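Asks: just a sequence and a predicted model for now, questions to come.
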Amino acid sequence: MVFLDQVRDACAFPFVVTSDARTIAEELAQPVHAIPPESGLHVFDPAQNLWCRAVDLRWLADPTERDTLVAAVYRVRGQRPTELELVPFTANAHTHLGLFRTADHPARLEFSAS
Ligand SMILES: [Zn+2]
């Protein structure tokens, strides 16, 4: 994912990817999943020409690194709509970073407890 590499280069600290491409069945098995499942940015299904557009990164414990990540996402994305979700409070703490499949989709910043 070129976008992820660009954000990683802008941050200059390592990312730990905890989740990336999922089949539709794997998406459905998630405790919280996209509805419909094929709309999830993690989903890849070559038969439907769907490609993974998101990763989950291990939660950054350092608030300065989190700030750097968010700033890098907004700087690197240009006009591309991103989905940035901060999930800080559970054993599944992570940052979800995705690029929407269509350029006219509104960008989203979300906070989630799960
Ligand atoms: Zn995710």
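Replies: Done, it's in.
Asks: neighbours around the closest residue to the ion within the chain, how many?
Replies: Distance from the ion to each residue of the chain (C-beta to the ion) is smallest for His96, at 3.4 Å. From N, CA and C alone the C-beta is placed, and that goes for glycine too. Residues within reach of His96, counting by other C-beta atoms under 10 Å, total 19.
Asks: wait, what's in contact with it?
Replies: Neighbour list for His96: 54-57, 83-85, 87, 110 [criterion: C-beta atoms under 8 Å, 6 or more residues apart in numbering].
Asks: for Val32, what are its contacts?
Replies: With C-beta under 8 Å, 6+ apart, Val32 has these contacts: 112, 114.
Asks: can you pull the pLDDT of it?
Replies: Looking at Val32, its pLDDT is 83.
Asks: okay, it and Pro63: tell me how far apart.
Replies: Here Val32 is placed at a distance of 25 Å from Pro63 (C-beta to C-beta, to the nearest Å).
Asks: which elements pack onto the lengthiest helix in the chain?
Replies: Taking DSSP state H as the assignment, the helix of the chain that covers the most residues is helix 63-77. Applying 3 or more C-beta pairs under 8 Å, 6 or more residues apart in numbering; DSSP states H and E, one finds that helix 63-77 contacts helix 2-11, strand 82-87, strand 94-99.
Asks: mean neighbour count, those: which tops it?
Replies: Most buried of the helices and strands packed on helix 63-77, by mean neighbour count (mean count of other C-beta atoms under 10 Å): strand 94-99, with a mean of 21.
Asks: what average pLDDT does that strand get?
Replies: Strand 94-99 comes out with an average pLDDT of 96.
Asks: what does the protein put close to the ion?
Replies: 56, 96 (C-beta under 5 Å from the ion).
Asks: in this protein, which residue is closest to the centre?
Replies: For the chain, the residue nearest the mean C-alpha position is Leu97 (2.0 Å; C-alpha atoms, centre = their mean).
Asks: which SS class is the residue sitting furthest away from the middle of the chain?
Replies: The outermost residue of the chain, judged against the average C-alpha position, is Ala47 (22.4 Å), by C-alpha atoms, centre = their mean. Following DSSP: H, G, I helix; E, B strand; the rest coil, Ala47 is assigned to helix.
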